[in-house]
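> need a 3D model of the following:
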Amino acid sequence: MAEVVSIKKFIGFEKGKAPKETFDFHADGLVPYLSPEYLRGTGNPLYVKPSNKLASIDEGELIILWDGSNAGEVFVSKKGILGSTMTKIIFDENEFDKSYFGYALKYNEYFLKAKTAGSGIPHVDKGIVKKIEVFKPEKSEQRIIASILSKVDETIAATKKSIAKAERLKKALMQNLLTGKLKPNGTWRKKDEFYKDEKFGNVPKGWKYDRLETVLSNCQYGINATSVEDGKFPMLRMNNIIGGKMVNQPMVYIDLDKKLFEKYKVNSGDILFNRTNSMDLVGKLGIFKLEGNYVFASYLIRLTVNQNNIPEYFNYYLNSYEGQCKLRSKATPSVSQANINAGNVKRLIVPIPPKDEQLLISNRIEAIETVLTSKQIKIKKLEQLKKALMQNLLTGKVRVKVPKEQLLTEIW
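Numbering: from 1, shown residues only. I've put the predicted structure just below:
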């Protein structure tokens, strides 16, 4: 019979322990030491020597991050040694399907994180975990629910892999297109299609290296003004630069007279450049393509590319690894921030292809960005779908039917 039950009578706990020694390389006799970063896929594991004093764990076990800033996070384990900040959840597998129980814990993750305790390092309390209540249908229905959610997870994982692949392709294309090694049609330039420059080496015929100011019609600092709650004009700041583009979230507003508005109005194709920030963020820039009337703040510099060139090309180049390295080399560091002034930006040496090739290069990179954007939208929709499914299936609001054949199989 399906019912909502407290999990306290079905679970136990096994806390991880700290090893005496860890290694940052793999060798015979060593196994992964499970850390949150490793389980999230954002870091490489450390390795340890197994012993009966450490908690070994198999792949597919359920783990809760017990201590730390993200305490309460639920993981499905990989094979290795349980980290000292983590706890394995032991549960009655006669009553719960493992995958279903994992999703039920994950659904209550927000509750665990909200109830962490400790004045110093936050930690999970066993009593709080035991208070969790879950919907408990028959195991046959649990398996179907877990299968539905697993299929969504598999699709999300596959889409993330394809995004990573597209991002690698974009990076490689940018490196080769923006240096002229690769033509926009996808063919490699031959040796006789380059000329030798004493300073810059092999340069594609028709290209040149020159100061950025030679392709600009304007290089301007933003307005120094205080935002007001009911201001008329949205003002772009450094946190509006996302992924090489200007975005309109979050926004602040200011009031300006007509003359000042016309002076600081941002036009389509303008590149806005973050001139003051920490060393890892100074030089961040994005191209403006938004609809509407916007102005820009004083910590930004406007770069307006002249009509003989394509602004998208220079936005891509300055956002490339090579472009960012050049920009940051011009930064003047201080105690807490670094600064790049307009004069140094204008003197930056950049590769300048003919205008028609600038356009073809930009179109080629933009095509990949369009694919990336569609995949990122797909990820968001899948995550919304999963959230809705968990809310409905893991609470019993929506029930799933178990095929008669499956019921007979389980009975016999």
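> where does the stretch 51-200 of the chain dip in pLDDT?
Nowhere does the stretch 51-200 of the chain drop to pLDDT under 70.
> tell me where it has strands.
Applying DSSP state E, counting those that start in this stretch to the stretch 51-200 of the chain gives strands spanning 56-57, 62-65, 74-76, 80-82, 86-91, 133-136, 194-197.
> just put those strands in JSON lines and tack on distance to G180 and mean neighbour count.
(Each C-beta comes from the backbone N, C-alpha and C, glycine too.) Converted to JSON lines, those look like this (distance: least, C-beta to C-beta, whole Å; neighbours: other C-beta atoms under 10 Å):
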{"stretch": "strand 56-57", "distance to G180": "52", "mean neighbour count": "18"}
{"stretch": "strand 62-65", "distance to G180": "48", "mean neighbour count": "23"}
{"stretch": "strand 74-76", "distance to G180": "46", "mean neighbour count": "18"}
{"stretch": "strand 80-82", "distance to G180": "47", "mean neighbour count": "24"}
{"stretch": "strand 86-91", "distance to G180": "50", "mean neighbour count": "20"}
{"stretch": "strand 133-136", "distance to G180": "60", "mean neighbour count": "20"}
{"stretch": "strand 194-197", "distance to G180": "8", "mean neighbour count": "12"}
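> K49: which of these is closest?
strand 80-82 (9.0 Å; C-beta to C-beta).
> so what strands line up beside that closest one?
Sheet pairing for strand 80-82, assigned by DSSP bridges, gives strand 31-34 (parallel), strand 56-57 (antiparallel).
> of all the ones you listed, which one is nearest I368?
Per C-beta to C-beta, nearest to I368 of the strands paired with strand 80-82: strand 31-34, 34.4 Å.
> hmm, who's touching that closest one?
With contact meaning C-beta atoms under 8 Å, 6 or more residues apart in numbering, strand 31-34 is reached by 16, 19, 22, 38, 45-48, 50, 56-57, 63, 77-83, 86.
> contact partners for the closest residue to N308 other than its chain neighbours?
In this structure, N308 finds its nearest non-sequential neighbour in K355, 6.2 Å apart by C-beta to C-beta, 6 or more residues apart in numbering. K355 sits next to 308-310 when contact means C-beta under 8 Å, 6+ apart.
> by neighbour count, which of those residues wins?
I310 (22 neighbours; other C-beta atoms under 10 Å).
> report pLDDT for the closest residue to that one other than its chain neighbours.
Counting by C-beta to C-beta, 6+ apart, the nearest residue to I310 once its immediate chain neighbours are dropped is Q358, at 4.0 Å. Here, the pLDDT recorded for Q358 equals 98.
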